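[1] got a predicted structure here, sequence first:
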Amino acid sequence: MEKIQLGVIFGSRSCEREVSIISAIQLMNYVDTDRYDVIPVYIDEHGVWYTGEKLRDIRTFQHFPGEGNGIERVMLDVTTGSRAILAMRPGKGFLHRMEQVIAARLDVVIPVLHGLNGEDGTLQGLLELAGIPYASTGVVGSAIGMDKILMKQCFRGAGLPVLPGVSMTRRRWEAEKEQAIAEMEELLPYPVFVKPANLGSSIGVSRAANRTELENAMELALSYDRRVLVEKGLDKPLELNCSVLGYDDHVEASAIEMPIVGSGEEMLSFFEKYLGSEGGSKGMASLHRVLPAPIEESLATRIRELSVKIFRLLDCKGVVRVDYMFDRESENIYITEINTIPGSMAFYLWEATGLKYTAMIDRLVEEARRAFEDKRASQYAYTSDILSSVSLGSKGSKGSKGIKR
């Protein structure tokens, strides 16, 4: 049987690029090489695309060499149906002029990018234009899942439980700082959490228990994004995470974890998530956790059902992770966020249910292809005689005025 050409795209212009590298190399190490040829595609911090077997070795990225020694600069051919990544290589003629050649063709892509320029719908839109099946949430769901402000508004509009919060722009903060602080203090009691709207991995996130801490937290968050979310804090909540896998009618929820790194009063920091006791070599999989979480089965059922509902609301596909805060005093559960491309692809949550990472990758590929076939079954062209009845005329003509409505 001919092997599937599996592209794994990772990196990109994002604060979470290094986390993406870890997640991608983990995934490539678990791919069934009897079924797939793995084609790594790395996007560096400048937006340059590369391919080559050396991109499967974490040591390559400690001092990334760029092009050469088995690493080749490439670009994606966005012509629908081409599915090619193109490279410039010396030709065979006397002058050896550079020629554009096909470095590889991608049957399906697993995007393993975290944060902006990859998890936010931008890469998904590119893959849609190129006509390549891909194993992640689509353009709209990815964009909403990346933007914490829009995500909260979407969930609130759907009647889903979210904490009270307000948004702020960099320009308004700079122009009306005192008024903005007064409004936030009127709406939200301390402590609050301040988060850049479009970042993950806890980058730029701070807890503020007073006005001075709020000002510092705002300055930090606004250095990463022009829009920030200020959200009500809870008193020592439980953090609980659940993954969802599938597409359309074939969707299921994973085991539920309770991360235990941190004080219990603050959200896990970037360093706690990725540079913990095991040096970050295993990404989110290295985080200390209780799995399954020691919670009542009724709460676990609520979380799994809510996670599936969120998955379907955003028309997700592939694998996602939904993060929650549980307020022990009120016994209310609140959605923190959805990660449409989670760290380590949340494989550890599925291994806890008996689904091995290699089999999970097979499932991702299957769902990507199923979604692609669904899209092909829809009509994208409508033929009419509208053009034959329109005459725009020449410049200065007083004849046709186009289409009247």
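    Alright, I've got the coordinates. Given the structure is predicted, the values throughout are model-derived calculations rather than measurements.

[2] Thr212: which element?
    helix 211-222 (DSSP states H and E).

[3] phi first, then psi, for the nearest residue to Glu119 once chain neighbours are set aside.
    The shortest distance from Glu119 to any non-neighbouring residue, by Cβ to Cβ, 6 or more residues apart in numbering, is to Ile341 (4.7 Å). For every residue, glycine as well, the C-beta is placed using N, CA and C. Main-chain torsions, Ile341, degrees, to the nearest 10: phi -130, psi 90.

[4] check Arg321 too.
    phi -130, psi 130.

[5] leaving out chain neighbours, which residue sits closest to it?
    With Cβ to Cβ, 6+ apart, the residue lying closest to Arg321 is Pro342, at 3.6 Å.

[6] any stretches of the protein with poor pLDDT?
    Counting by pLDDT under 70, the chain shows low-confidence ranges at 93-95, 200-201, 261-287, 394-405.

[7] circling back to that earlier point, pull the CA atoms of the helix holding Thr212 into PDB?
    The C-alpha trace of helix 211-222 is given here as PDB (Å, rounded to 0.1, in the frame of the first residue of the first chain):
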ATOM      1  CA  ARG A 211      -4.200  48.900  41.700                       C
ATOM      2  CA  THR A 212      -0.400  48.800  41.500                       C
ATOM      3  CA  GLU A 213      -0.300  45.200  40.400                       C
ATOM      4  CA  LEU A 214      -3.100  45.900  37.900                       C
ATOM      5  CA  GLU A 215      -1.100  48.700  36.300                       C
ATOM      6  CA  ASN A 216       2.000  46.400  36.000                       C
ATOM      7  CA  ALA A 217      -0.100  43.500  34.700                       C
ATOM      8  CA  MET A 218      -1.700  45.800  32.000                       C
ATOM      9  CA  GLU A 219       1.700  47.100  30.900                       C
ATOM     10  CA  LEU A 220       3.000  43.500  30.500                       C
ATOM     11  CA  ALA A 221      -0.100  42.200  28.700                       C
ATOM     12  CA  LEU A 222      -0.200  45.200  26.300                       C
END
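
[8] change the start of the numbering to 6 and stick with it
    With the count now opening at 6, the last piece we talked about shows up as helix 216-227.

[9] from the contact counts, what lies against that helix?
    Counting contacts by 3 or more Cβ pairs under 8 Å, 6 or more residues apart in numbering; DSSP states H and E, helix 216-227 packs against helix 175-180, helix 182-192, strand 197-201, strand 211-213, strand 232-237.

[10] quick check: the nearest residue to Glu220 once chain neighbours are set aside vs Thr85, distance?
    Closest residue to Glu220 in three dimensions, ignoring its sequence neighbours and counting by Cβ to Cβ, 6+ apart: Ile186, at 7.2 Å. The spacing between Ile186 and Thr85, counted by Cβ to Cβ, to the nearest Å, is 50 Å.

[11] alright, calling it a day.
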